[in-house]
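K.L.:
Test case, fold it:
(chains A and B)
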Amino acid sequence: GAVVSQHPSRVICKSGTSVKIECRSLDFQATTMFWYRQFPKQSLMLMATSNEGSKATYEQGVEKDKFLINHASLTLSTLTVTSAHPEDSSFYICSAPSPDRGGIGHQPQHFGDGTRLSIL
Amino acid sequence: GENVEQHPSTLSVQEGDSAVIKCTYSDSASNYFPWYKQELGKRPQLIIDIRSNVGEKKDQRIAVTLNKTAKHFSLHITETQPEDSAVYFCAASRGTYKYIFGTGTRLKVLA
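P.N.:
Have a look, this model is predicted:
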């Protein structure tokens, strides 16, 4: 089945550091990937859509200069949290649509394991 | 904007009983409705999904029903087991690939 790998699983760093998170589709190609943020005991909030070969599309209220997204290849998207501050601490998780089923709009998404980011 | 409401936020049931989680969506263009199970600190896992041309779908102890007219869909888990304890999220499709997630239901199955 479709597997999405996310790395690292946990980051603890000082305020002002930039942190890069990688999301890879291991056994399929993904021209589109999604980045979510999840606060404790809350739902998944879509931050942006990562598009291979073009600019990411950000949801309303998400700072694109703060959360840099690069979709360098058909299997890799990266999210860089620039100059991170304590309020950026959260669980970040990526997903990619499965190539296996249905037509456009009917593809289940497969999630990475998530990255727990803690900014001191 | 489009949103998905999910109820209840927490649900405790005795082992062996059934659990029902309900969601309501607002975007009439939504046509795909997946359900995800998320254990603490882990990735959401797809457990069942339904498309708009179907009213009900079942997979062993799990079933999903969809009422497009009312914009309601529900998850039914029968014969619950302790390992069913987790947070469950419904979602409704938005556009080509995006989802809008519900707020989640924390299910606790008491042994």
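K.L.:
use CA for all of it now, contacts and neighbours both
P.N.:
OK.
K.L.:
Might one say that B:Ser30 is in contact with B:Ala92?
P.N.:
Yes. If you go by CA atoms under 8 Å, B:Ser30 and B:Ala92 touch, sitting 5.9 Å apart.
K.L.:
which stretches of chain B have low pLDDT?
P.N.:
Along chain B, the model assigns pLDDT under 70 to residues B:1.
K.L.:
remind me which residues of chain A are low pLDDT?
P.N.:
Residues of chain A meeting the criterion pLDDT under 70: A:1, A:100-106.
K.L.:
Around chain A, pick out the residues from chain B.
P.N.:
Contact residues (CA under 8 Å from any CA of the partner chain) of chain B with chain A: B:31-32, B:34, B:42-46, B:51, B:89, B:93, B:95-97, B:100-104.
K.L.:
Let's see which of those residues end up in strands.
P.N.:
B:32, B:34, B:45-46, B:51, B:89, B:93, B:100-101 (DSSP state E).
K.L.:
which parts of chain A sit against chain B?
P.N.:
Residues of chain A lying near chain B (CA under 8 Å from any CA): A:42-46, A:93, A:97, A:104-114.
K.L.:
Determine how far the last residue of stretch B:2-11 lies from the first.
P.N.:
Length of stretch B:2-11, first residue to last, CA to CA, to the nearest Å: 25 Å.
K.L.:
Now find how far off-centre it is within its chain.
P.N.:
9 Å (CA atoms, centre = their mean, to the nearest Å).
K.L.:
List the buried residues of it.
P.N.:
The neighbour-count check on stretch B:2-11 (16 or more other CA atoms under 10 Å in any protein chain shown) flags B:3-7, B:11 as buried.
K.L.:
Nearest to A:Gly53 among the residues you listed?
P.N.:
Of all the buried residues of stretch B:2-11, A:Gly53 sits closest to B:Asn3, with 29.8 Å by CA to CA.
K.L.:
B:Ser30 and B:Ala92: which is more packed in?
P.N.:
More crowded of B:Ser30 and B:Ala92, by other CA atoms under 10 Å in any protein chain shown: B:Ala92, with 28 against 22.
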